[in-house]
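Trainee: next input, structure requested:
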Amino acid sequence: MAMSSSAAASLKADLLLVLVTLLAAVSWIFSKEAVLLMPPLLFMALRFLLAGLLLALLGWRQIRALNVRQIRRATRVGMVFGFGMSCWIMGLHAGGHLGEGAFLTNLGVVLVPLLAALLFGERAPLSTWLALPVAGAGLALLFLQHGLRPAPGQLFYVLAAGIFALFYILNTRAANERPGAPGGRGDKVPPLALTAIVL
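Mentor: Residues are numbered from 1 along each chain as shown. Purely as a prediction, here's the structure:
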């Protein structure tokens, strides 16, 4: 029995998501090792500069076609991403346990609907309100390992989580045309150009 095109597209998206998740996990391990060999911010600067230049070469036509508003949107997203990655790498440098750092940083995903509601007036689904206390309880358990004085690495991870939540929102808004989105239609930034500028 042949798969429908929507089922095939859904399967492809799921497989790509699994692949990206595995690559992200490997990236944590390599990044932890890299910050032992060079200053953390230098590592991040080199890593993302090289990736951004490679994508800029591949997406040069898209980048040249951008208008000033699109470039500003992409640059804003990139600055937020840069701050978030700086906090993340400092957490990786100062922290000891990768699992703890992964948990704290990934709280950014849980915070997305909350920040979207607070900053942009988007309504958060009920599942968000049910997930927040569970995530908050896990965060409290991690913090209580050090009494009431969280370790510096943990603070960097939590700060990174909040900044990443804002990044996810701004990135989605820059990459998609949505009714009521600031700037209106025509400010959508093509994905390759957006990613190159952000990096």
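
Trainee: give me the neighbour count for residue 156.
Mentor: Neighbourhood size, residue 156 [other CB atoms under 10 Å]: 24. Bear in mind the C-beta positions are built from the backbone N, C-alpha and C, glycine included.

Trainee: tell me how far it lies from residue 13.
Mentor: Relative to residue 13, residue 156 is positioned 32 Å away (CB to CB, to the nearest Å).

Trainee: now swap in residue 44 and tell me
Mentor: Counting by CB to CB, the gap from residue 44 to residue 13 is 28 Å.

Trainee: among those two, which residue is more densely surrounded?
Mentor: residue 44 (21 against 10).

Trainee: so which residue is dead centre in the chain?
Mentor: residue 164 (4.7 Å; CA atoms, centre = their mean).

Trainee: from what I can see that one touches residue 110, true?
Mentor: No: with contacts counted by CB atoms under 8 Å, residue 164 stays clear of residue 110, the gap being 10.8 Å.

Trainee: how far away is residue 102 from residue 41?
Mentor: According to CB to CB, residue 102 and residue 41 sit 20 Å apart.

Trainee: continuing past the helix or strand containing residue 14, what's the next helix or strand?
Mentor: Using DSSP states H and E, residue 14 sits in helix 5-37. Next along the chain after helix 5-37, taking DSSP H and E as the criterion, comes helix 40-58.

Trainee: contacts for that next one, please.
Mentor: Here helix 40-58 makes contact (CB atoms under 8 Å, 6 or more residues apart in numbering) with 31, 34-35, 63, 82, 85-86, 89-90, 92-93, 192, 195-199.

Trainee: just the buried ones from those?
Mentor: Among the contacts of helix 40-58, those classed as buried by 16 or more other CB atoms under 10 Å are 31, 34-35, 63, 82, 85-86, 89-90, 92-93, 192, 195-199.

Trainee: which ones among the residues you listed lie within helices?
Mentor: Counting by DSSP state H, those place 31, 34-35, 63, 82, 85-86, 89-90, 92-93, 192, 195-198 in helices.

Trainee: lowest pLDDT pick from the residues you listed?
Mentor: Ranked by pLDDT, these bottom out at residue 35, which has 73.

Trainee: which one of the ones in helices among the buried ones among the contacts of helix 40-58 is nearest to residue 150?
Mentor: Among these, residue 90 lies closest to residue 150 (CB to CB), at 14.0 Å.

Trainee: contact partners for the closest residue to residue 166 other than its chain neighbours?
Mentor: Spatial nearest neighbour of residue 166, chain neighbours left out: residue 80 (5.6 Å); criterion: CB to CB, 6 or more residues apart in numbering. Applying CB under 8 Å, 6+ apart, one finds that residue 80 lies in contact with 163, 166, 167, 170.
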